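Visitor: Here is my input; please provide its structure:
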Amino acid sequence: MEEEVTTTATVSGLKFVALGGLGEIGLNMAAFEYGDDIVIVDCGLMFPEPYMLGIDVVIPDISYLLERADKVRAILLTHGHEDHIGALPYVLRDLNPPIFGTALTLGLVKEKLKEFDLDQKVDLRVVRPREKVILGEFCVEFIRVAHSIVDGCALAIRSPEGVVIHSGDFKLDQTPVDGELTDLATFSRYGEEGVLAFFADSTNVEREGYTLSERLVGEAFAEIFPRCSGRVIVAAFSSNIHRVQQVVDAARKTGRKVLLNGRSMIANVQIARELGYLRIPDDILIDLKEMPRLPKEEVCMITTGSQGEPMSALTRIAMDDHKQIKVEEGDTVILSSRFIPGNEKTISDLINHLYRRGAEVIHEKVSEVHVSGHASQEELKLLHNLVRPRFFVPVHGEYRHLVKHAQLAQRVGTPKERTILAVNGDIILFDRGEALIADHIETGRVFVDGKGVGDVGNVVLKDRKHLSEDGMVVVIIGINQTSGEIIYGPDIVSRGFVFEDESQQYLDEAKKVVLDTLALVNTEVLTDWSEVKLEVRRVLRRFFNKTIERRPVILPLVLEM
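Guide: Below you'll find the model as predicted:
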């Protein structure tokens, strides 16, 4: 029996299975498999792209893992951002191994799971940086890295095939707000020992030089706050605990009280305070009832909504649609986050509305009120030189980012033949010191719409796009079930196609076309509802395309009479 297991392990080697995050921003998820053991790295979501009409979030397809559920030993989390933990509530319905992560990461996970009544059903295990956990054939060490969220970690994953390092999201901030530096010594130690493969964050690979320190944002706040005569409203991501700390520090120095606004902001600040990651005195915090009683120059609000999300508090404030908070002349709004690609128009509209209310708006384009949490080129080069891997696989980025990172790795010494450019679905096999893309599995994006998970596919999205562009036409016809005689209609109702009151003559022509077509078919066809629907759809599609060059969704409804 022992010999059989050894043979299986040797034949299989170490597999890296890319389930998400290779060729896209977000949706980060991967699996390492050796013999009968699998460990999963991260479990993230992606927010919908413009064509994904009505979709709330997108999660990875875990079919590969479900087929091997008995092998899954753990989910390892690098940090607490949504694109690394957001899919957990959906994945844990079908797959429920222990989850390992640092204290804040699991604190955020537990809060998220409460919304789905899963917080008491999941095995959450807190680890500290430099701590090791044994998971079957794997031994995993968590390595501290600086990022735009507290408690980020890289992973050193040891198997009988060798050590691989997964960077997670990181940067080399030399003056972090909490003093916790990226643990270069541990990276160097593994580099000296010998690293089989390095999987590294590619998000900022196109940026030259170094990513600025988070501390510079605090310095920008320190300059801006004393100049503000009215209230200061800072919009930031609720997970950016360092950013919240620096806003609080600037508010204290200028004699301002702090109001937290937004459900996730309040929840995340509470978690971070309880775990000791945030230092906020109780007497500086106020609630909404207290704010009107304070002079404007003594108020600072920290809120979510920096991306101009339609239902966010900041958007409602900007639209003058918030019951308790109004922006007035002299107020200053600081958008302390990057303009996420695709959100530029929404954020621009938000800024315009704030100016209409009389506020001054400061954002990353005009001031250092935001810095990235991802490593730029010189930081990436440094980590490559410390790790010195035999093989390199770029992860976390769109395809161009992966290509650019592969080129950077080659410039610092990794031969082209040992640089592996993989995409979602690829399985990289490491066996006896060699590596190749050995297989490809079907992976995809699972769409979450309301409470439905996976029930909306590409066909439904195509229909939604079709409806949004050309509208819908419903044709109601009553036909005698026995004789095939048309007793009622056709009655045509349209939505998003033409304005019925002004286009009645055109719709009457469409009715005539339907009647003329049905008059030419035999009685047998008229008593077959499916055939009637096909005829109606066919003739109207041709009529609309020829006369108005539009292609609405046509829904014939046949009533049995």
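
Visitor: which residue packs closest to residue 186, ignoring adjacent ones?
Guide: residue 143 (4.9 Å; Cβ to Cβ, 6 or more residues apart in numbering). Glycine gets a C-beta too; all of them are placed from N, C-alpha and C.

Visitor: Extract the CA atoms of the helix or strand containing residue 15 and return them as CSV.
Guide: Assigned by DSSP states H and E, residue 15 belongs to strand 14-20. Provided in CSV are the C-alpha atoms of strand 14-20 (Å, rounded to 0.1, in the frame of the first residue of the first chain):
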residue,chain,number,x,y,z
LEU,A,14,3.2,18.9,-8.1
LYS,A,15,0.4,20.5,-10.0
PHE,A,16,-0.6,24.2,-10.0
VAL,A,17,-4.2,24.6,-11.2
ALA,A,18,-5.2,28.2,-12.2
LEU,A,19,-8.8,28.7,-11.3
GLY,A,20,-9.0,32.5,-11.6
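
Visitor: in the stretch 1-150 of the chain, which spans are helices?
Guide: Taking DSSP state H, counting those that start in this stretch, the helices of the stretch 1-150 of the chain run over residues 2-12, 63-66, 82-85, 88-91, 103-114.

Visitor: The closest residue in space to residue 89 that isn't next to it in sequence: how many residues sit nearby?
Guide: Spatial nearest neighbour of residue 89, excluding adjacent residues (Cβ to Cβ, 6+ apart): residue 116 at 4.2 Å. Using other Cβ atoms under 10 Å, residue 116 is surrounded by 14 other residues.

Visitor: Relative to residue 87, how far out is residue 116?
Guide: 12 Å (Cβ to Cβ, to the nearest Å).

Visitor: Below-threshold pLDDT in the stretch 401-550 of the chain: ranges please.
Guide: 447-470, 482-484, 498-502, 523-526, 529 (pLDDT under 70).

Visitor: need the helix or strand of the protein with the lowest average pLDDT.
Guide: Confidence across the helices and strands of the chain bottoms out at helix 2-12, with a mean of 42, counting by mean pLDDT, DSSP states H and E.

Visitor: residues making contact with the strand holding residue 15?
Guide: 26-34, 44, 46, 60-62, 64-65, 159-162, 164, 196-197, 199, 393, 395, 422-431, 438, 441, 443 (Cβ atoms under 8 Å, 6 or more residues apart in numbering).

Visitor: Tell me the buried residues within those.
Guide: 26-34, 44, 46, 60-62, 64-65, 159, 161-162, 164, 196-197, 199, 393, 395, 422, 424-430, 443 (16 or more other Cβ atoms under 10 Å).

Visitor: For this structure, which helix extends over the most residues?
Guide: Ranked by residue count under DSSP state H, the longest helix found in the chain is helix 529-547.

Visitor: what's that one packed up against?
Guide: Counting contacts by 3 or more Cβ pairs under 8 Å, 6 or more residues apart in numbering; DSSP states H and E, helix 529-547 packs against strand 472-479, helix 504-519, helix 523-526, strand 553-560.

Visitor: So what are the sheet partners of the last one and their directions?
Guide: The sheet places strand 553-560 alongside strand 472-479 (parallel), with pairing taken from DSSP bridges.

Visitor: what's the spacing between stretch 322-331 and its chain's center?
Guide: How far stretch 322-331 lies from its chain's middle: 31 Å, per Cα atoms, centre = their mean, to the nearest Å.

Visitor: Tell me the spacing between residue 296 and residue 290.
Guide: For residue 296 relative to residue 290 (Cβ to Cβ), the value is 13 Å.

Visitor: Could you check which of the two is surrounded by more residues?
Guide: Shown here are residue 296 and residue 290; by other Cβ under 10 Å, residue 296 has more neighbours (15 against 12).

Visitor: State whether residue 328 and residue 230 are indeed in contact, as I suppose.
Guide: Yes - look at residue 328 against residue 230 with Cβ atoms under 8 Å: they come within range, at 6.8 Å.

Visitor: residues bridging contact with those two, i.e. touching both?
Guide: residue 296.

Visitor: The two: which is more packed in?
Guide: Between residue 328 and residue 230, counted using other Cβ under 10 Å, residue 230 has the larger neighbour count: 18 against 11.

Visitor: For that one, list the residues it contacts.
Guide: 296-297, 328-332.

Visitor: ok, now which ones touch residue 513?
Guide: Residue 513 touches 539-540, 543, counting by Cβ under 8 Å, 6+ apart.

Visitor: quick check: domain ranges of this structure?
Guide: 2-209+372-451, 215-363, 458-560 (automatic domain parsing).

Visitor: Which stretches in the stretch 51-200 of the chain count as strands?
Guide: If DSSP state E, counting those that start in this stretch is used as the criterion, the strands of the stretch 51-200 of the chain fall at 57-60, 72-76, 99-101, 124-126, 132-135, 138-144, 153-159, 162-166, 195-201.

Visitor: Show me the shaky parts of this protein.
Guide: Where the chain drops to pLDDT under 70, the residues are 1-12, 48-56, 341-342, 447-470, 482-484, 498-502, 523-526, 529, 561.

Visitor: just checking, what's the longest strand in this structure?
Guide: strand 486-495 (DSSP state E).

Visitor: mind listing what's buried in it?
Guide: Under 16+ other Cβ under 10 Å, the buried positions of strand 486-495 are 486, 489-490, 492, 494.

Visitor: if we take these, which one ends up nearest to residue 510?
Guide: residue 492 (5.8 Å; Cβ to Cβ).

Visitor: Sweet, I'm off.
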